[in-house]
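Visitor: coords please:
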Amino acid sequence: MESNRSGSAFEFNIKDFSLSNPRLMADPYPYYDQIRREQPIYYSTMYGGSWLLFDYVDVKALLTDPRLTNDRSALPLLALPEEDRAQFADMIPVLGKWLAFFDGHDHAQRRQRLDWSCPTLLSKGSLSSVIHHVAEDLMDAWRERDCVDLIADFARPLPAMVITRLLGGADEDHEQLASWSDDIAYLFGASDLSVADVQRGQKSLHAFGHYLRELAGDAITSRRDDLILNRLMSDNGKGFQFDIESATAQCMLLMFAGLEPTRYLIGNAVWALHQHPAQRHALAADLEQLPLAIEEFLRYGTPVQYIGRRASTTFTYKGYHIKEGQLVLPYVGSANRDPTVFDHPETLDLRRTPNRHLSFGTGPHACIGATLVRQQTHIALSLLLTRYPTFEVSRQTEPVWNTNLGFHGPTSLMINTGKRG
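Guide: Coordinates of the predicted model:
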């Protein structure tokens with residue numbers, strides 16, 4: 001028998017663990033604690049058979065194990081009965097162009113090209129002005145309101161608008177792009193998928209691709225060098241060259257990697273400050289500590305709970321026989337609360353150092369959106385704590401939590417603004 005933060009007792013069988021189990025959505029961490037004690041490496045029936053890892057040492061080791069491939073472009077299809085998969089085969093070539101799903105030299109040359117193409121566009125300095133402008137506009141709309149939904153009115157549109165501008169899209173397109181991204185994200189965040197879920201994701205994937213190809217055509221005509229698409233397709237006369245299809249695939253990945261973690265991290269951070277008022281007071285009094293605090297928010301309220309891999313060969317790990325083709329799912333959300341690595345991991349410590357969290361992965365496949373996520377969260381929290389210093393999370397309306405565990409955080413979090421602005 002265990003108890004969660006609210007004090008209510010629960011019993012949990014690891015056989016019930018899945019990305020779609022509603023019991024885990026609001027607070028998965030007590031369950032992780034139990035699993036780490038009882039069975040930190042577990043073979044699950046999810047996706048037709050997959051290995052789940054929960055200890056920090058195992059998670060870190062297998063994130064960089066060369067016997068595992070990052071090619072998980074077919075992962076959503078594995079959640080369906082085999083007879084239902086063929087109709088979605090056209091998704092694999094699109095997802096398969098994402099940088100995140102390449103290995104070795106193929107990954108390195110694409111990552112190098114991306115880093116070469118966009119060093120200034122995706123640098124902290126260049127991003128800061130774009131993010132500040134969008135964030136200020138969104139907060140300006142709160143001035144006459146006593147209560148706002150932090151997620152719907154700020155944390156969700158903020159990254160969508162920022163990335164839409166970086167792509168060269170019209171501001172009014174951000175809601176559509178966010179909707180497409182959400183549909184695709186659901187395919188990788190939930191393990192109990194229906195044919196209708198995958199059909200919705202398939203439709204959004206192709207619509208998003210069509211939109212980006214049209215943007216790419218406009219970008220080529222405009223010759224603007226302040227757009228990601230132009231930078232990716234420009235010819236530097238050496239090395240790997242992205243074609244239109246590959247360039248648009250990376251832009252889709254950037255939207256996915258910059259939008260989903262940011263919205264949940266902002267929500268999780270504000271929820272954590274609500275639960276730890278002394279930590280909030282200390283942070284508000286010394287915003288120079290924000291960079292350190294954001295690393296702790298990433299650890300304490302990890303927005304992306306697992307990072308998938310697939311076995312490229314059959315091998316044995318700590319006595320467990322992992323077969324070629326099987327999925328391996330290291331749970332960074334659990335690793336970030338491992339007491340063998342973090343002192344008092346259940347405690348929010350905004351000055352924690354060192355902080356070796358694994359929220360963005362580790363090694364050559366560390367998240368390409370990490371700088372974007374950190375910078376957006378930094379500016380969002382700084383503005384919130386200075387423009388609305390007396391804001392409070394509403395005690396009348398409970399948070400609404402995301403319905404899959406792949407992405408953890410609130411989808412609705414009402415706050416009373418205190419109206420200063």
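Visitor: where's His276 relative to Glu346, distance?
Guide: Between His276 and Glu346 the distance is 11 Å, computed by CB to CB, to the nearest Å. Where you see a C-beta, it was placed from the backbone N, CA and C, and this is true even at glycine.
Visitor: between the two, which one's more packed in?
Guide: Ranked by neighbour count (other CB atoms under 10 Å), His276 and Glu346 place His276 first, with 17 against 12.
Visitor: how about that one, what does it touch?
Guide: Residues in contact with His276 (CB atoms under 8 Å, 6 or more residues apart in numbering) are Leu348.
Visitor: Helices along the stretch 1-150 of the chain, start to end?
Guide: Shown for the stretch 1-150 of the chain, the helices assigned by DSSP state H, counting those that start in this stretch span residues 29-38, 56-63, 75-78, 92-95, 104-117, 124-140.
Visitor: any chance of these in CSV, plus mean pLDDT and mean neighbour count?
Guide: As requested, the helices of the stretch 1-150 of the chain are exported to CSV (pLDDT from 0 to 100; neighbours: other CB atoms under 10 Å):
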stretch, mean pLDDT, mean neighbour count
helix 29-38, 95, 18
helix 56-63, 98, 21
helix 75-78, 94, 22
helix 92-95, 95, 17
helix 104-117, 86, 16
helix 124-140, 89, 16
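Visitor: closest one to Gly333 among those?
Guide: For Gly333, the closest of these is helix 29-38, at 6.9 Å, according to CB to CB.
Visitor: Tell me which stretches of the stretch 101-250 of the chain form strands.
Guide: 147-149 (DSSP state E, counting those that start in this stretch).
Visitor: which SS class is Asp343?
Guide: With DSSP: H, G, I helix; E, B strand; the rest coil as the basis, Asp343 sits in coil.
Visitor: Output the below-cut-off pLDDT ranges for this structure.
Guide: Applying pLDDT under 70 to the chain flags residues 1-10, 118-125, 223-226, 235-238, 419-421.
Visitor: At the geometric centre of it, which residue do we find?
Guide: The C-alpha lying nearest the average C-alpha coordinate of the chain belongs to Pro261 (CA atoms, centre = their mean; 3.1 Å).
Visitor: Contact partners for that one?
Guide: Listed by CB under 8 Å, 6+ apart, the contact set of Pro261 reads 303-304, 367, 369, 373, 407.
Visitor: Swap in 7 Å and give it another go.
Guide: 303-304, 369, 373 (CB atoms under 7 Å, 6 or more residues apart in numbering).
Visitor: How about Leu298, nearest residue that isn't a chain neighbour?
Guide: Among residues not flanking Leu298 along the chain, Ser359 sits closest, at 4.2 Å (CB to CB, 6 or more residues apart in numbering).
Visitor: how close does the one you found sit to Ile92?
Guide: Look at Ser359 and Ile92: by CB to CB, they are 28 Å apart.
Visitor: and the closest residue in space to Gln275 that isn't next to it in sequence, what is it in contact with?
Guide: Closest residue to Gln275 apart from its sequence neighbours, by CB to CB, 6+ apart: Leu348 at 7.5 Å. Taking CB under 7 Å, 6+ apart, we find Leu348 in contact with 272, 276, 279, 296, 300.
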